[in-house]
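S.K.: After the sequence you'll find the predicted model.
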Amino acid sequence: MRAIRFEKTGGPEVLELVQVETQKPQPGEILVRHQAVGINFIDTYQRSGLYPMKLPAGLGSEAAGVVEAVGEGVTRFKVGDLAAYAGTPGAYADANTVTAERAVRIPAGVDVRTAAAGLLKGMTVEFLIRRLHKVEPGEMVLVHAAAGGVGQIMVQWLKAIGAGVIGTVGSDEKAARVRALGADHVILYRHQDVAAEVRRITGGKGVPVAYDSVGKDTFEGTLGSLARRGLFVSFGNASGPPPPLEARRLMLAGSLFFTRPTMVDYQTTTAELDASAAALFDMIGAGKIEIEIGQTFPLAEARKAHEALEGRSTIGASLLIP
């Protein structure tokens, strides 16, 4: 089968399409023949070396397709089932073996491409707004990169539960898209002072929680946007890692909270995984969340996909199609 591999860290040019032997599922595993592969910013962090990996390595952690084989002892899936997974390495390939307990069944009413484009991003949103901080109806929330894959899902989910949304974007085109999704206010962060705009919108109070996946470029704006005892949720580094934060700054800015979560710690059991995926699929099935697949690339063009993602020229989710 075909797979994307890299032997050294660096830019998109280090990615290579190679032929590898198709693995057979071991006890407790399933082999998923991919129909679509999700592309996420964490993939670029691993490729660049920001998140170290043992090299040579595969890439990607999210995909969906048909169960082609099951290992000994697997009762959760059977051959022919539609399955998706998020968090298992090696997804940039025609197929992948996955521990059955870390994959989920794709329900009727959710197509395979939607599952591949939305599972990791959607479950990220689920734990961020339902469990890390339970957003309440009426709360005004700041969402950076609101036109991105995670951002679009977050805006829709927040509006569905009755929260207010201030979204930041980098262009007028993206602003129009985020407004169409229901955002109450949109800030063009390249041209406007984010903190000043948030203070203006909130009557000087600031927001109780801000979700920042951009990192370095938005760090100060996020910090300055929080209300007293507000929560800064840093969950990405699209523009580079945020700078070190001195604890005293949190005190002086209003007894703020800062967290850098990862989904792994919110899916420590299969039951947590199933509940998170079910919540997402229910929202999709009910028509409350639309997963926009803004662009697709052939598996062989993974380099081009990474260039587009890092160039911030994408809207919504991106997929590799084997």
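M.R.: On my side now, so go ahead.
S.K.: Okay, the residue lying closest to residue 283 once chain neighbours are set aside and residue 133: tell me how far apart.
M.R.: Computed as Cβ to Cβ, 6 or more residues apart in numbering, the closest residue to residue 283 that is not its neighbour in sequence is residue 289, at 4.4 Å. The way it works is simple: take the backbone N, C-alpha and C, and place the C-beta from them, glycine included. As judged by Cβ to Cβ, to the nearest Å, residue 289 and residue 133 stand 19 Å apart.
S.K.: Neighbour count: the two, which is higher?
M.R.: Using other Cβ atoms under 10 Å, the more surrounded residue of residue 289 and residue 133 is residue 289, with 24 against 19.
S.K.: a strand runs through residue 197, doesn't it?
M.R.: No. Judged by DSSP: H, G, I helix; E, B strand; the rest coil, residue 197 forms no part of a strand; its state is helix.
S.K.: start at 40 instead
M.R.: Got it, the first residue is 40 from now on, which makes the last one we talked about residue 236.
S.K.: Pull the number of nearby residues for it.
M.R.: 20.
S.K.: What are the boundaries of the helices in this structure?
M.R.: Listed in chain order, the helices found in the chain under DSSP state H are 80-87, 151-166, 188-199, 211-219, 233-240, 258-262, 286-291, 309-324, 341-349.
S.K.: and the angle from the last one to helix 80-87?
M.R.: Between the axes of helix 341-349 and helix 80-87, defined by axes from the mean of the first three to the mean of the last three Cα atoms, to 10 degrees, the angle is 120 degrees.
S.K.: Include mean pLDDT and distance to residue 124 when you put the helices of the chain into TSV, please.
M.R.: As requested, the helices of the chain are exported to TSV (pLDDT from 0 to 100; distance: least, Cβ to Cβ, whole Å):
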stretch	mean pLDDT	distance to residue 124
helix 80-87	91	14
helix 151-166	95	7
helix 188-199	95	17
helix 211-219	93	28
helix 233-240	97	35
helix 258-262	95	31
helix 286-291	95	37
helix 309-324	96	9
helix 341-349	93	18
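S.K.: Next, find the distance separating the residue nearest to residue 248 when sequence neighbours are not counted from residue 186.
M.R.: Nearest residue to residue 248 in three dimensions, chain neighbours excluded: residue 270, at 4.5 Å (Cβ to Cβ, 6+ apart). The gap separating residue 270 from residue 186 is 23 Å, by Cβ to Cβ.
S.K.: Then residue 198?
M.R.: Residue 198 is 15 Å from residue 186, by Cβ to Cβ.
S.K.: More neighbours: which of these two?
M.R.: Higher neighbour count among residue 198 and residue 186: residue 186, with 28 against 17, using other Cβ under 10 Å.
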